[in-house]
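1. Got a sequence here, can you build the structure:
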Amino acid sequence: MSLWSRLTNVFRSDRLHRELDEELESHIEDAIQQGRNPAEARRAFGSPLLRREESRDVRLIPWLDSLRADTVFGWLMIQLSCN
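-> Numbering: from 1, shown residues only. Reported below is the predicted structural model:
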């Protein structure tokens, strides 16, 4: 995922939540079409809120860590070039 898309996704959380909910619902519908009980299928996929939080952590935390590492590296390169 590009830096630009990560930055824009930080400000479009409502859209991302909606897309994630639609994806989860699609998987539940597929499970129901394959013969699973609707209540059982929903339980198997868990809470939509929990899934949103997990996906946010996956998207945001590595990005912040990468930003921190790039900032430290850039700062070190500036210091080396000034000496």
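2. and the longest helix seen in the chain, average pLDDT?
-> As far as residue count goes, and with DSSP state H defining each element, the longest helix of the chain is helix 48-82. Mean pLDDT, computed over helix 48-82, is 79.
3. same question, stretch 29-37
-> In this model, stretch 29-37 carries a mean pLDDT of 92.
4. Span of it from start to end?
-> With CA to CA, to the nearest Å applied, stretch 29-37 spans 10 Å between its terminal residues.
5. Buried ones in that stretch, by neighbour count?
-> Of the residues in stretch 29-37, those scored as buried under the neighbour-count criterion (16 or more other CB atoms under 10 Å) are residue 31. Every residue, glycine included, has its C-beta placed from N, CA and C.
6. Tell me which other helices or strands the longest helix of the chain touches.
-> Under the contact criterion of 3 or more CB pairs under 8 Å, 6 or more residues apart in numbering; DSSP states H and E, helix 48-82 touches helix 3-11, helix 13-33.
7. looking at those, which has the lowest confidence?
-> Across those, helix 3-11 has the smallest mean pLDDT, namely a mean of 64.
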